[in-house]
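Enquirer: kindly return the folded structure for what I paste below:
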Amino acid sequence: MEHLEHNPLFKPWKKGMRRVALVYPNRYVGGISNIGLQYIYAKINSMDGFVCERFYLDVFDGLRSVETGTPLKDFDIALFSLQYEEDYFNAVRILQKSGFSGFRVAGGPCVTENPKPLLDYFDVFVVGEVENSDILEKILGGETEGEGICTGEEGLKTKVRRLKPEKLEEHILTQIVGEGAYGRCVLLEIGRGCGRGCTFCIVRQIYSPLRWRDPELILSVAEANKGAVNKAAIIAPSPSDHPKFKEIVWQLAEMGYMVSPSSVRADRLTPELMELLAEAGLKSLTIAPEAGSERMRETLRKGIGEEDVISAAEMAKEKGISSIKMYFMIGLPGETEEDVRAIVELTSRVKRIMGSVSVSVNPLVPKPHTPLQWMPYGGDFSASPPDNLKKLEQKAKFLKKEFARMGVKAEVESVEKFAVQTVLSRGGRDAASLLTKKPKLSAIRKLGLEKYLGEIDVNQELPWDFIDAGYRKSRILREYEMILALIG
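Expert: Numbering: from 1, shown residues only. Next comes the predicted model:
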């Protein structure tokens, strides 16, 4: 990748240094866009006695480093960043195929969510965020105890507390620039956590509290990178909620940057903000209604209405933005055929305004640490796991047919793929047996893991209960009970 990226953080290996592999078991385009990985890479390469090199699934098959082509088996320590459950299969394959025999560490949101299915493959896990702590020094020193460090052998009486910096007072200044998810750009993480109350989203729990970076800090990073790139990606779970979002966009545009926010909430858009985004080079608007009907959005506590979506489309068209992308989910608790049909109807309304519309639809994964963690995959509490899967397939087929009829570019995700995600996100140590098999429903059934697709008893001990993420379980249980009352 040397000819495609600018890497000012590269550190050559010298005799006596310990080699640390930073492994992203997915595609380069996603890994290079991850600000956390850039921070870890820079931090380790600033430490005496260590050199860090990167590994990606689609570069040398994840078996040799990007920087020097050194085989993974020649490294002393491997740090795996697990952002998505399906990456577990890639991580296990890389470990086994590479012959790596050193110290194996895993971190990332999936580990903070529930590391139990990974216990057989890693020596230690990092739970939480690494900034403003000495966690990297401890891990690289071989420590297996302490705050944010987990071996998986902890019981309910030994809680592992999630690491988190109380404030985001720094930001990585010098960055590797490559062709990532946002194109060639400077990554500007303006905040972390979320103050919204969406019942399906894990961010509120595992990245709390909501923290915003000061605009002055963000703009200083942009200023320092002005000569290297002409595009800035604004990153946060909900960037437009930043109290100074409009000012940040305006200042970046004044610096000559094209601005690309990771997403924008429909209810935060104003004609003035839309005009700013358009002037800053935004060509396509991305919003996430999540559900087609007001009833389902209320269940999800999404906090936006249909008219917010329509208003956003109208403003986008008026300001010259050429296309819009919308994200939806199916398999919501208490979802009916009418609720699924409402996705088509809302998309149709938007298409009459914008013309160029694309949608992404995926089944809801009932994530640990959320009020929906106990619900069945598929959303029907009266159905068995096989019946819920069948219903999801029917909904997906209906949406594909309707979107094709409308001429809407649609990506309707695999029901099977998201069933695998559900098993791995809610599974215990027994779910590790799936990771050496093909990620198929047939393997889930054969291994007796279908229980993780059904409704979970609220009194049952959960595999992730040993993680202290900083919230009270009783609170999210109350929210779950409110949802059940709402859907009848």
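Enquirer: domains of this protein?
Expert: For the chain, the structural domains run 18-150, 281-294+309-487, going by automatic domain parsing.
Enquirer: could these go into JSON lines alongside mean pLDDT and distance to Asp267?
Expert: (Each C-beta comes from the backbone N, C-alpha and C, glycine too.) Below are those laid out as JSON lines (pLDDT from 0 to 100; distance: least, C-beta to C-beta, whole Å):
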{"stretch": "domain 18-150", "mean pLDDT": "97", "distance to Asp267": "26"}
{"stretch": "domain 281-294+309-487", "mean pLDDT": "97", "distance to Asp267": "8"}
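Enquirer: can you add distance to Leu168 and give those domains back as TSV?
Expert: TSV is the format used below for the domains of the chain (distance: least, C-beta to C-beta, whole Å):
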stretch	distance to Leu168
domain 18-150	8
domain 281-294+309-487	16
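Enquirer: roughly how far apart are the spatially most central residue of the chain and Phe381?
Expert: By C-alpha atoms, centre = their mean, the chain has its centre lying nearest to Gln83, at 5.9 Å. In this structure, Gln83 and Phe381 are 30 Å apart, going by C-beta to C-beta, to the nearest Å.
Enquirer: which residues does the host helix or strand of Lys43 contact?
Expert: For Lys43, the host element (DSSP states H and E) is helix 35-45. Contacts with helix 35-45, where a contact means C-beta atoms under 8 Å, 6 or more residues apart in numbering, come from 9-11, 20, 22, 24, 31-32, 50-52, 54, 79, 81, 108, 129-131, 136, 140, 172, 174-176, 187, 189, 235.
Enquirer: from memory the residue nearest to the centre of the chain sits against Gly30, does it?
Expert: Yes. Using C-beta atoms under 8 Å, Gln83 is in contact with Gly30, at 7.3 Å.
Enquirer: shared neighbours, those two?
Expert: With C-beta under 8 Å, 6+ apart as the test, Gln83 and Gly30 both reach Tyr24.
Enquirer: which secondary structure elements does the longest helix along the chain contact?
Expert: The longest helix of the chain (DSSP state H) is helix 385-406. Contacts defined by 3 or more C-beta pairs under 8 Å, 6 or more residues apart in numbering; DSSP states H and E place helix 385-406 against strand 323-330, helix 337-354, strand 357-363, strand 409-412, helix 415-426.
Enquirer: which of the ones you listed is buried the deepest?
Expert: Most buried of the helices and strands packed on helix 385-406 by mean neighbour count (mean count of other C-beta atoms under 10 Å) is helix 415-426; its value is a mean of 24.
Enquirer: buried set for the helix or strand that that one is followed by?
Expert: Per DSSP H and E, the first helix or strand lying C-terminal to helix 415-426 is helix 441-446. Neighbour counts over helix 441-446 (16 or more other C-beta atoms under 10 Å) mark Leu441, Ala443, Ile444 as buried.
Enquirer: which among the helices and strands packed on helix 385-406 is found nearest to Tyr207?
Expert: Among the helices and strands packed on helix 385-406, the nearest to Tyr207 by C-beta to C-beta is helix 415-426 (16.1 Å).
Enquirer: name the residues that touch that closest one?
Expert: Residues contacting helix 415-426 (C-beta under 8 Å, 6+ apart): 84-86, 88, 110, 113-114, 117, 362-363, 365-368, 373, 377, 389, 392-393, 396, 431, 434, 439-441, 444, 449, 452-453, 456, 462-463.
Enquirer: residue ranges with poor pLDDT in the stretch 151-300 of the chain?
Expert: In the predicted model, the stretch 151-300 of the chain carries pLDDT under 70 at residues 154-157.
Enquirer: ranges for the strands of it?
Expert: When secondary structure is read from DSSP state E, counting those that start in this stretch, the stretch 151-300 of the chain shows strands at 160-161, 186-189, 191-192, 211-212, 231-235, 258-261, 284-290.
Enquirer: adding mean neighbour count, write those strands out as a markdown table.
Expert: Below are these laid out as a markdown table (neighbours: other C-beta atoms under 10 Å):
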| stretch | mean neighbour count |
| --- | --- |
| strand 160-161 | 20 |
| strand 186-189 | 24 |
| strand 191-192 | 23 |
| strand 211-212 | 18 |
| strand 231-235 | 24 |
| strand 258-261 | 22 |
| strand 284-290 | 21 |
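Enquirer: tell me the spacing between the closest residue to Glu393 other than its chain neighbours and Ala91.
Expert: Spatially, and ignoring its direct neighbours in sequence, Glu393 is nearest to Val415 (5.3 Å; C-beta to C-beta, 6 or more residues apart in numbering). From Val415 across to Ala91, the span is 24 Å (C-beta to C-beta).
Enquirer: relative to Lys231, which of the domains of the chain is closest?
Expert: Among the domains of the chain, the nearest to Lys231 by C-beta to C-beta is domain 281-294+309-487 (7.6 Å).
Enquirer: show the end-to-end separation of that closest one, please.
Expert: Terminal residues of domain 281-294+309-487 lie 42 Å apart, using C-alpha to C-alpha, to the nearest Å.
Enquirer: show me where the stretch 101-250 of the chain has helices.
Expert: 109-113, 135-140, 203-206, 215-224, 245-254 (DSSP state H, counting those that start in this stretch).
Enquirer: pick the most deeply packed of those helices.
Expert: helix 109-113 (a mean of 24).
Enquirer: please name every helix or strand in contact with that helix.
Expert: For helix 109-113, the packing partners by 3+ C-beta pairs under 8 Å, 6+ apart are helix 203-206.
Enquirer: which strands or helices does the helix it packs on pack on?
Expert: helix 109-113.
Enquirer: who's in contact with the helix it packs on?
Expert: Helix 109-113 is contacted by residues 82-85, 87-88, 118, 125-128, 150, 162, 202, 206, 367-369, 425, 464, 467, 469 when judged by C-beta under 8 Å, 6+ apart.
Enquirer: make it 7 Å
Expert: Identification of contacts with helix 109-113 by C-beta atoms under 7 Å, 6 or more residues apart in numbering yields 82-85, 125-128, 162, 202, 206, 367-369, 425, 464.
Enquirer: ok now it, how far from the chain's centre?
Expert: A distance of 10 Å separates the centroid of the chain from that of helix 109-113, by C-alpha atoms, centre = their mean, to the nearest Å.
Enquirer: cool, stretch 256-263 as well?
Expert: For stretch 256-263, the distance to the chain centre is 19 Å (C-alpha atoms, centre = their mean).
Enquirer: send me that stretch as PDB with only the CA atoms.
Expert: Backbone C-alpha positions of stretch 256-263 (Å, rounded to 0.1, in the frame of the first residue of the first chain) are rendered in PDB as follows:
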ATOM      1  CA  GLY A 256     -10.900  25.100   1.600                       C
ATOM      2  CA  TYR A 257     -12.000  21.600   2.700                       C
ATOM      3  CA  MET A 258     -14.700  19.500   1.300                       C
ATOM      4  CA  VAL A 259     -16.700  18.300   4.300                       C
ATOM      5  CA  SER A 260     -18.100  14.800   4.700                       C
ATOM      6  CA  PRO A 261     -20.100  14.100   7.900                       C
ATOM      7  CA  SER A 262     -20.500  10.400   8.700                       C
ATOM      8  CA  SER A 263     -24.200  11.000   8.900                       C
END
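Enquirer: which residues sit against that stretch?
Expert: Residues from elsewhere that reach stretch 256-263, judged by C-beta under 7 Å, 6+ apart: 182, 185, 222, 230-236, 239-240, 249, 252-253, 277, 280-282, 286-288.
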